[in-house]
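[1] When you get a sec, could you give me coordinates for this:
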Amino acid sequence: MIEIIGPLANPVAAATATAATAAVSVEKSVPLQKQLIERLQQAILTGRLPAGSLLPSSRLLAAEMGVSRNTVVIAYDHLAAVGYVVADKKGTRVSPLSSPSARGETRTSPAAPEVAYAARVEQFAATRTHADNTLPLTPGTPALDRFPLAAWRRALERSMERALPLALGYGDPAGEPALRDAIAAHLRMARGVRCEGSQVVITEGAQEALNLCVRLFTNPGDIAWVEDPGYRGAKAAFNLGDLGMVPMPVDSEGIAVPPDAWRAHPPKLIYTSPAHQYPTGAVLSVARRLELIAQARRCGAWLIEDDYDGEFRHTGEPIASMQGLVEDAPVLYVGSFSKTMFPALRIGFVVLPRVIAAHTAVALQEMLRGGHRLEQLALAHFIDSGEFGRHLGRMRRLYRERQQALRDALTLHFAPSQILGGNCGMHLTLRLPPHISDRTLAERALARRLNPRALSGFALQQREETNGLVIGYGSTPAEQLALAVGVLAELVREMARESNSGLTTRRAV
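    Alright, predicted model coming up:
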């Protein structure tokens, strides 16, 4: 390499000076040394300053640029620290880099490099649009405008006054003990769950609770049963665990397991939402609950009980949990506060059997990190103070009114046999005839600023009975529901006319 003995003695000096000088003229508000560093980095990465090139001395480059020598020294030191250049007794040289452009190579083909990722990524399919979840008829969205923000603000302020600064550090990986105890007490009284606070593990929403169940109780290749149609989050969790999924049909009594399935596809995990099946709204009968528990014990399987919308029973007493039916049931009880409080809270939980909670304590210590401590402490106070129970009572009355308004509107335009969903939750499901595509109808509804979801998007196996719309009423005022359903009925009639016209044309041909 030719040594630099003058300001522009060789192409390296010229390229360095050109790149460096350009730096000072771009952004006056950015420090000179930062500009110099970025421009020299780009010159090295693009090959304008090839590997092995000897850069000008800091004194020489500073003179050429008209800046202080200290600015250049700082830039060279930074480049050396990151590995762009190497400094020795002979000076500062450009390091060998693996970038093709830095080696002077050119691409012979414009094709993008092949991206390598896990095979499980291919198992995910888009089943919904990124629509505005505040639109009318969106399922799964609570009445956020009715949430008692003042009471929640007081709970947060109380947790900050009493817990800071200790609550800014890492907490118990399983969650704040105060919240675990509060959840256990509430579940015992309101949901009939047999548990203590030591069995409750706090998670970031129900989705992380499902992921945790997969990590704790399965190995790749194990079989998992899922309701079909059913909750997409469960399928995502099983995909991430590399489990083999077997869809189980759902009828008016909930998950309906064929008699030979236990022998043909012995499961390790079984996902079910017994209090209010999502999305059909069916309630799992007590006979099937007991049969599931008995069969799971025989084959060494675990039942995941997702208590979806279990708090929002609109007639009679709430339906108790499956977990509490028998002592030491092989049930992993999962819940969250996304619907009962608000989705952005991102606090969920799983209740582990007593023996399992003790055996997995060390694993949980390594797998989890305590976080959201202030929110957890605030939620514990919100529950213990009675605010949570009062909020649930108000929401039950509100959702009861809205469900009845939606049911009345649907009955006006559609046959009652098409309407699915018990007296629970925040949505009803409308079955559609085969000639009306639920995905097309959902797209057209979205164009009219309505956001029901296609029932087929929740199914692994497309069947005639999985063609429909999942219609939410939680966030839609009762007075808006009749008009919204009228729009859906208009769209269905429009699609029916198109279908009949197409059939007539095909017959003519």
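[2] use CA for all of it now, contacts and neighbours both
    Fine.
[3] in the stretch 101-250 of the chain, which segments are predicted with low confidence?
    101-131 (pLDDT under 70).
[4] so where do the strands sit in it?
    200-203, 223-228, 244-251 (DSSP state E, counting those that start in this stretch).
[5] Next, the angle strand 244-251 makes with the second one.
    Put simply, strand 223-228 runs at 30 degrees to strand 244-251, going by axes from the mean of the first three to the mean of the last three CA atoms, to 10 degrees.
[6] now strand 223-228, how far from the chain's geometric center?
    Strand 223-228 sits 19 Å away from the centroid of its parent chain (CA atoms, centre = their mean, to the nearest Å).
[7] Also the first one?
    Relative to its chain's centre, strand 200-203 lies at 17 Å (CA atoms, centre = their mean).
[8] Please enumerate residues in contact with that strand?
    The contact list for strand 200-203 (CA atoms under 8 Å, 6 or more residues apart in numbering) reads 174-176, 180, 183-184, 209, 347-352.
[9] Pull out the buried members of those residues.
    Burial by neighbour count, 16 or more other CA atoms under 10 Å: within the contacts of strand 200-203 this picks out 174-176, 180, 183-184, 209, 347-352.
[10] Let me have the contacts of strand 200-203 in CSV, adding distance to Met395 as columns.
    Shown next, in CSV, are those (distance: CA to CA, whole Å):
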residue, distance to Met395
Ala174, 29
Gly175, 27
Glu176, 27
Arg180, 23
Ile183, 19
Ala184, 21
Ala209, 25
Ile347, 19
Gly348, 19
Phe349, 21
Val350, 24
Val351, 25
Leu352, 28
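[11] Just the ones of those in helices?
    Judged by DSSP state H, helices contain the following of the contacts of strand 200-203: 180, 183-184, 209.
[12] Most widely separated two among those?
    Across the ones in helices among the contacts of strand 200-203, the longest distance by CA to CA is 15.8 Å; it joins Ala184 and Ala209.
[13] list the buried ones in the helix or strand encompassing Gln480?
    Element membership for Gln480 (DSSP states H and E) is helix 478-508. Of all the residues in helix 478-508, those buried under the rule 16+ other CA under 10 Å are 478, 481-482, 484-485, 488-489, 491-492, 495-496.
[14] what helices or strands is that helix leaning on?
    Contact partners of helix 478-508 among helices and strands, from 3 or more CA pairs under 8 Å, 6 or more residues apart in numbering; DSSP states H and E: helix 387-413, helix 438-447.
[15] Of all those helices, which one comes closest to Asp307?
    Minimum separation from Asp307 across the helices and strands packed on helix 478-508 (CA to CA) falls at helix 387-413, 15.0 Å.
[16] in the closest one, what's buried?
    Within helix 387-413, the residues that qualify as buried are 387-389, 391-392, 395-396, 398-400, 402-403, 405-407, 409-410, counting by 16+ other CA under 10 Å.
[17] any idea of the mean pLDDT for that helix?
    Helix 387-413 shows a mean pLDDT of 96.
[18] just checking, what packs against that helix?
    Partner elements for helix 387-413 (3+ CA pairs under 8 Å, 6+ apart): strand 419-420, strand 427-431, helix 478-508.
[19] Neighbours of Lys89, how many?
    Neighbours of Lys89 under the rule other CA atoms under 10 Å: 5.
[20] wait, Ala329 sits on Gln323?
    Yes - between Ala329 and Gln323 there is a contact at 6.0 Å, judged by CA atoms under 8 Å.
[21] Looking at those two, which one has more neighbours?
    Gln323 (25 against 19).
[22] Relative to Ile293, which of the contacts of strand 200-203 is nearest.
    Leu352 (15.2 Å).
[23] Next, find the distance separating the closest one from Ala150.
    For Leu352, the distance to Ala150 equals 34 Å [CA to CA, to the nearest Å].
[24] Over to His276?
    Relative to Ala150, His276 is positioned 31 Å away (CA to CA).
[25] do Arg448 as well
    From Arg448 across to Ala150, the span is 35 Å (CA to CA).
[26] With neighbour numbers in mind, choose between these two.
    Legend: neighbour count by other CA under 10 Å for Arg448 and Ala150, higher for Arg448 (13 against 9).
[27] So for that one, what's the pLDDT?
    pLDDT recorded at Arg448 is 95.
[28] before we move on, back to that, got the ones in helices among the contacts of strand 200-203 as TSV, with distance to Pro259 columns?
    Formatted as TSV, the ones in helices among the contacts of strand 200-203 follow (distance: CA to CA, whole Å):
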residue	distance to Pro259
Arg180	38
Ile183	36
Ala184	35
Ala209	29
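[29] Contact partners for the residue nearest to the spatial centre of the chain?
    By CA atoms, centre = their mean, the chain has its centre lying nearest to Gln207, at 6.5 Å. Counting by CA under 8 Å, 6+ apart, Gln207 touches 233-234, 237.
[30] let's see 7 Å
    Gly233 (CA atoms under 7 Å, 6 or more residues apart in numbering).
[31] Low-confidence stretches in the stretch 401-509 of the chain?
    Low-confidence regions of the stretch 401-509 of the chain, defined by pLDDT under 70, span residues 502-509.
[32] go again using 90 as the cut-off
    421-424, 460-465, 499-509 (pLDDT under 90).
[33] And the contacts of stretch 149-165?
    Stretch 149-165 is contacted from outside by 374-375, 377-378, 381-382, using CA under 7 Å, 6+ apart.
[34] buried stuff in that stretch?
    Within stretch 149-165, the residues scored as buried using 16+ other CA under 10 Å are 152, 155-156, 159-160.
[35] Can you give the distance from it to the centre of its chain?
    Remark: stretch 149-165 is offset 27 Å from the chain centroid, using CA atoms, centre = their mean.
[36] Put the alpha carbons of it into PDB.
    Provided in PDB are the C-alpha atoms of stretch 149-165 (Å, rounded to 0.1, in the frame of the first residue of the first chain):
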ATOM      1  CA  LEU A 149     -61.100   5.500  34.600                       C
ATOM      2  CA  ALA A 150     -61.200   7.700  37.700                       C
ATOM      3  CA  ALA A 151     -61.200   4.600  40.000                       C
ATOM      4  CA  TRP A 152     -58.400   3.000  38.000                       C
ATOM      5  CA  ARG A 153     -56.400   6.200  38.200                       C
ATOM      6  CA  ARG A 154     -56.800   6.200  42.000                       C
ATOM      7  CA  ALA A 155     -55.600   2.600  42.100                       C
ATOM      8  CA  LEU A 156     -52.500   3.400  40.000                       C
ATOM      9  CA  GLU A 157     -51.700   6.400  42.200                       C
ATOM     10  CA  ARG A 158     -52.100   4.400  45.300                       C
ATOM     11  CA  SER A 159     -49.700   1.700  44.000                       C
ATOM     12  CA  MET A 160     -47.100   4.400  43.100                       C
ATOM     13  CA  GLU A 161     -47.400   6.100  46.500                       C
ATOM     14  CA  ARG A 162     -46.900   2.800  48.400                       C
ATOM     15  CA  ALA A 163     -44.600   0.800  46.200                       C
ATOM     16  CA  LEU A 164     -42.100   3.200  44.600                       C
ATOM     17  CA  PRO A 165     -39.200   2.900  44.100                       C
END
